[in-house]
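[1] could you look at this predicted model? Sequence included:
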Amino acid sequence: MMFAVAILTLAGLMAGSEAWAGFSSPSETAAPRPLAPPKKKPEAMPSPRPLLLREKAPPVEEPHPDVPTPGAPVKIEMEVESLETIDPDSVGVLDENEGGFGADMWAATSRPLIEHLLPRLPVRTASMAKQDLIRRLLLSTASVPAGPASGPSLLSLRVERLMEMGNMAAVNELLRLARPQLTDETLLLAHLDNLLLVNDSAGACSQIRAVISQYQDIYWRRTLLFCQALSGEHERARLGLSLMRERGEEDPVF
């Protein structure tokens, strides 16, 4: 029994010496193993790729319905309105802002009465105030009075009174604005006088020769003699002058 104990003791000592032999000094053994897992080396980050900026496409403009597409045929719509014909009798040089008597100047007066009174205007008055009133009356822009025309046009009556006043500048301006058909003898005479005053003898004589057969007034025969003498037709001019003397139409001034 003691032997068994000794054997066990020896075995224990031998086991202990072997176990102790398993331990060695730090220099003779491997480096201690760390308890925490080893840190991994950081992987190299790839270099950033350059960003490619994508250009934004311009917005597509839709054609406006009212704007034509370039190159497309343009549709043009036109509205034609007829213009009212202006009566030459209503035309004037002066409106209310320029001293005229207004568009309704003849509103309460009949046309036959105006045709009767206009030729009797006292244009040779010595009163400057009356002359100014008559001039403004004859040159006013006014609507044509009611009633049928029974004589010369109102324009020709006004022109005749202005000529009697010696106001040829007003006559010329009135004819220029009215642009009448020169079939009225009074208007035609005013037009011819204006041509002669501005030294347009060729124009005046051309018109005189064209219309002299339509009129019988001595004015036309005198102006024809003037035109014949001016153009070198002296024999015709002498013959015409002799006929005028025989008829008693000789004018010392002419």
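    Thanks, I have the structure now. From a predicted model like this one, the values you see are computed outputs, not experimental measurements.

[2] what ranges do the helices span in the stretch 151-254 of the chain?
    With DSSP state H, counting those that start in this stretch as the criterion, the stretch 151-254 of the chain has helices at 154-165, 168-178, 185-197, 201-211, 218-230, 234-246.

[3] for Leu121, which of those helices is the nearest?
    Closest to Leu121 of those is helix 154-165 (C-beta to C-beta; 5.4 Å). Any C-beta I mention is one placed from the backbone N, CA and C, and that applies to glycine too.

[4] in that closest one, what counts as buried?
    154-163, 165 (16 or more other C-beta atoms under 10 Å).

[5] now stretch 180-198
    180, 184-195.

[6] and those residues as a markdown table, adding distance to Leu113 and pLDDT?
    A markdown table is the format used below for the buried residues of stretch 180-198 (distance: C-beta to C-beta, whole Å; pLDDT from 0 to 100):
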| residue | distance to Leu113 | pLDDT |
| --- | --- | --- |
| Pro180 | 23 | 73 |
| Asp184 | 21 | 81 |
| Glu185 | 23 | 86 |
| Thr186 | 20 | 85 |
| Leu187 | 22 | 87 |
| Leu188 | 26 | 88 |
| Leu189 | 25 | 88 |
| Ala190 | 24 | 87 |
| His191 | 28 | 88 |
| Leu192 | 31 | 90 |
| Asp193 | 29 | 87 |
| Asn194 | 30 | 85 |
| Leu195 | 34 | 88 |
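
[7] tell me the one of those residues nearest Tyr219?
    Nearest to Tyr219 among those is Leu189, at 6.6 Å by C-beta to C-beta.

[8] from what I can see that closest one touches Tyr219, true?
    Yes: if you go by C-beta atoms under 8 Å, Leu189 and Tyr219 touch, sitting 6.6 Å apart.

[9] would you turn the helices of the stretch 151-254 of the chain into a markdown table with distance to Thr85?
    Listed next are these as a markdown table, based on distance: least, C-beta to C-beta, whole Å:
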| stretch | distance to Thr85 |
| --- | --- |
| helix 154-165 | 14 |
| helix 168-178 | 12 |
| helix 185-197 | 17 |
| helix 201-211 | 24 |
| helix 218-230 | 30 |
| helix 234-246 | 41 |
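
[10] out of those helices, which is closest to Ile114?
    Among those, helix 154-165 comes nearest to Ile114, with 6.7 Å by C-beta to C-beta.
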